[in-house]
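> Generate coordinates for the sequence data below:
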Amino acid sequence: MDRNNQLNQLIEIGDQFSQQGQIANIQTFGSGNINDTFLVSLQAAKPFILQRLNTKVFREPKLVMQNMRIYAEHVRDRLHKNPLDRQWEVPQILQTSQGLDYFQAENGEFWRSLSFIEGSQSFDKMESLEQASEVGYALGTFHHLTSDLAPMRLEDTLEGFHVTPRYLQQYEEVLANCSSLADGKRSPEVNYCLQFVSARQGLVNVLEDAKALGKLSLRTMHGDPKVNNILFDKQTNLAMSVVDLDTVKSGLVHYDIGDCLRSGCNPVGEEYEDWENVRFETELCQGVLQGYLSMARSFLTEYDYVYIYEAIRVITFELGLRFFTDYLAGNIYFHVKYPEHNLLRSLVQFRLVESIESQESMINKIINPLK
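Take a look at the predicted model:
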């Protein structure tokens, strides 16, 4: 499809939500790996976000929207009764002219629209200790505002998402049917990944075993609290929102805590080609945890603290495993720019696990005084 036809189709979709003005421009927005996101500019009204949900990933997109509504209404009610000491924004779901919060095209594509939080910006990696603290504050605020939202109210829109043993099972199924791994065809990088996964298979059960023993409890989780899903006020440089709410569901907040630290404490990012030099920065880790606990101390238990270090290892290994599995399966889940893209991403995460493990005592020295 040429660019003009694609733009015309996007305008047709955008018109379903643009009740306040005529569309002036549509451009791609953000760097997400799953959905397609666009910024829609209007001639006489505020811009808004237009997204095409990846229904191969989110097979029940209407339930995704239902979870988002429940979350947004709960948080707005909490903020109305107990305002924070700063501006905090919750993305607003925009309706179509028919009063729906989604639009389904004739070809089955599922579209939704969200308010654009003006005066905000996001970062793919943290640039200072102050920023690290704000990232932690943002996740702590998300968990604080949902700490009284009963997780059973939320539908499980991604069964098995952030249940690490499931990803090992998927990996083993793909590996068993992967004909491209004959000894003579394996690159050194693929061999490294195969050996890495084999050596750490026991790691996948750590958090789930703690849940089964009653040490960790189900709560409302974000599911993808990467650094670039935190919005900052351009004027104050303070965190003002957590976005990308497709994966809000019941789960262990430790997957959130670990994922925030995983993404935030790797200054070179997930796409770094010189993967052998990736390092987990403990100074940034301290900043994130200080910001997080400034809001989260009210609901964390003693066991919650005990499993923070393991959470960082587990979620980093999990993401590396997911990238490597997708590479072996032919890149069917994550968007890629070239065939070995997911292999590089997995190498970055596995090297990050090694860096985390080599600094276990230092990380625990950061965690313990913060209890």
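> Below-threshold pLDDT in this structure: ranges please.
For the chain, applying pLDDT under 70 flags the ranges 1-3, 20, 182-184.
> which ones are touching the spatially most central residue of it?
Centroid check for the chain by CA atoms, centre = their mean gives D224 as the closest residue, at 1.8 Å. D224 sits next to 244, 246-247, 259 when contact means CB atoms under 8 Å, 6 or more residues apart in numbering. Quick note: C-beta positions are derived from backbone N, CA and C, even for glycine.
> try 10 Å this time
32-34, 161-162, 242-248, 255-256, 259-260, 263 (CB atoms under 10 Å, 6 or more residues apart in numbering).
> taking those one by one, which sit in helices?
Secondary structure assignment by DSSP state H places 255-256, 259-260, 263 of those in helices.
> Of those residues - the most surrounded one?
Highest neighbour count within these, by other CB atoms under 10 Å: C260, with 31 neighbours.
> correct me, but it touches E134?
No. In this structure, C260 is not within contact of E134 by CB atoms under 10 Å, at 11.6 Å.
> Which stretches in the stretch 51-200 of the chain count as helices?
61-81, 129-145, 164-176, 188-199 (DSSP state H, counting those that start in this stretch).
> Of these, which is nearest L154?
For L154, the closest of those is helix 61-81, at 5.0 Å, according to CB to CB.
> and the closest one, what other elements does it pack with?
Helices and strands touching helix 61-81, by 3 or more CB pairs under 10 Å, 6 or more residues apart in numbering; DSSP states H and E, are strand 48-53, strand 93-94, strand 110-115, helix 129-145, strand 219-221, strand 249-251.
> residues making contact with the second one?
By CB under 10 Å, 6+ apart, the list of residues contacting strand 93-94 from outside reads 16-20, 48-50, 65, 68-69, 72, 101-102, 112-116, 245.
> my guess is M152 meets N67, correct?
No. With contact defined as CB under 10 Å, M152 does not reach N67; the gap is 12.0 Å.
> Could you check which of the two is surrounded by more residues?
N67 (22 against 9).
> in stretch 297-311, what counts as buried?
299-300, 304-311 (16 or more other CB atoms under 10 Å).
> now do stretch 49-62
49-54, 57-58, 61.
> Next: stretch 263-281.
263-266, 268, 270, 272, 275, 278-281.
> start to end distance for it?
Using CA to CA, to the nearest Å, one end of stretch 263-281 lies 11 Å from the other.
> so R112 bridges to which residues?
Q51 (DSSP bridges).
> contacting residues around the closest residue to P165 other than its chain neighbours?
In space, P165 comes closest to V204 once its chain neighbours are excluded; the distance is 4.8 Å by CB to CB, 6 or more residues apart in numbering. Shown here is V204, whose contacts under the criterion CB under 10 Å, 6+ apart are 163-169, 171, 197, 314, 317-318, 321.
> next one: Q195
With CB under 10 Å, 6+ apart, Q195 has these contacts: F350.
> Pick the one among the ones in helices among the contacts of D224 closest to Q9.
Nearest member of those to Q9, counting by CB to CB, is S263, at 33.1 Å.
> which non-adjacent residue is nearest that closest one?
Using CB to CB, 6+ apart, the closest residue to S263 is K226 (4.2 Å).
> Could you measure from the one you found over to P188?
Note on K226: its distance to P188, by CB to CB, to the nearest Å, is 29 Å.
> The two: who's more crowded?
K226 (21 against 7).
> what are the phi and psi values for the more buried one?
phi -70, psi 160 (degrees, to the nearest 10).
> Tell me who's in contact with it.
If you count contacts by CB under 10 Å, 6+ apart, then K226 has 32-33, 122, 124-125, 135, 244, 259-260, 262-264, 270, 319 around it.
> Report the separation between H335 and R59.
18 Å.
> make that A45, sorry
34 Å.
> still on that earlier bit, I'd like the buried residues of stretch 297-311 as TSV, with secondary structure appended.
Output for the buried residues of stretch 297-311, formatted as TSV (DSSP: H, G, I helix; E, B strand; the rest coil):
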residue	secondary structure
F299	coil
L300	coil
D304	helix
Y305	helix
V306	helix
Y307	coil
I308	helix
Y309	helix
E310	helix
A311	helix
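> which one of these sits closest to I363?
Closest to I363, out of all of the buried residues of stretch 297-311 and judged by CB to CB, is Y309, at 5.3 Å.
> quick one: the closest one from L94, how far?
Taken as CB to CB, the span from Y309 to L94 is 41 Å.
> now swap in F324 and tell me
Taken as CB to CB, the span from F324 to L94 is 38 Å.
> I230: which of the buried residues of stretch 263-281 is nearest?
Nearest member of those to I230, counting by CB to CB, is G264, at 9.0 Å.
> Surely the closest one is in contact with P225?
Yes. Contact criterion CB under 10 Å: G264 and P225 qualify, at 9.1 Å.
> ok, L84 - contacts?
Going by CB under 10 Å, 6+ apart, L84 touches 78, 141, 144-145, 240, 295.
> Which two of those have the greatest separation?
R78 and M240 (16.0 Å).
> who's more crowded, these two?
More crowded of R78 and M240, by other CB under 10 Å: M240, with 23 against 18.
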